[in-house]
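Chemist: got a predicted structure here, sequence first:
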Amino acid sequence: QLQLVESGGGLVQPGGSLRLSCAASGFRLEDYAIHWFRQAPGKEREGVSCISATGSRTNYADSVKGRFTLSRDNAKKTVYLQMNSLKPEDTAVYYCAAALRCDYPYDGMDYWGKGTLVTVSS
């Protein structure tokens with residue numbers, strides 16, 4: 001079964017950290033760039049970050065640059081999103097998605113996870 005499964009979400013205080021994981025099964029993770037998107041209540045889904053298939057390139061939205069870090073372990077078929085210095089405005093459901101390249105548009109993803117909720121609140 002082809003799927004991506006996110007985990008690691010939860011409730012964290014402002015300034016805290018979380019690490020999200022995106023685990024792949026049923027396809028060759030090493031062939032795909034992995035995107036992270038998020039959707040806050042009442043807002044459109046937005047791109048957060050992307051890591052290339054080899055892990056040699058990453059990009060980040062301005063809103064998370066310097067605070068979030070993407071990495072991947074293709075042997076473990078898992079991608080990690082380390083989120084530091086979290087802010088209340090980071091509250092959202094976070095989704096990972098697979099596409100052949102990081103410059104593919106939102107509607108060009110081949111696989112999507114179901115999301116994990118991150119809540120940043122005191």
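Modeler: Sure thing, it's come through. The structure presented is a predicted model; accordingly, all values stated were derived computationally and were not measured. Numbering: from 1, shown residues only.

Chemist: please identify which helix or strand holds the most centrally placed residue in the chain.
Modeler: Residue closest to the mean C-alpha point of the chain, counted by CA atoms, centre = their mean, is W36 at 3.0 Å. Assigned by DSSP states H and E, W36 belongs to strand 33-39.

Chemist: helices or strands next to that strand in the packing?
Modeler: For strand 33-39, the packing partners by 3 or more CB pairs under 8 Å, 6 or more residues apart in numbering; DSSP states H and E come out as strand 18-25, strand 46-51, strand 68-73, strand 92-99. All C-beta atoms are positioned from the backbone trio N, CA, C, and that covers glycine.

Chemist: return the most buried member of the ones you listed.
Modeler: Among the helices and strands packed on strand 33-39, strand 92-99 has the highest mean neighbour count (mean count of other CB atoms under 10 Å), at a mean of 22.

Chemist: tell me the strands beside that one, with direction?
Modeler: Here strand 92-99 is paired, per DSSP bridges, with strand 33-39 (antiparallel), strand 111-112 (antiparallel), strand 116-120 (antiparallel).
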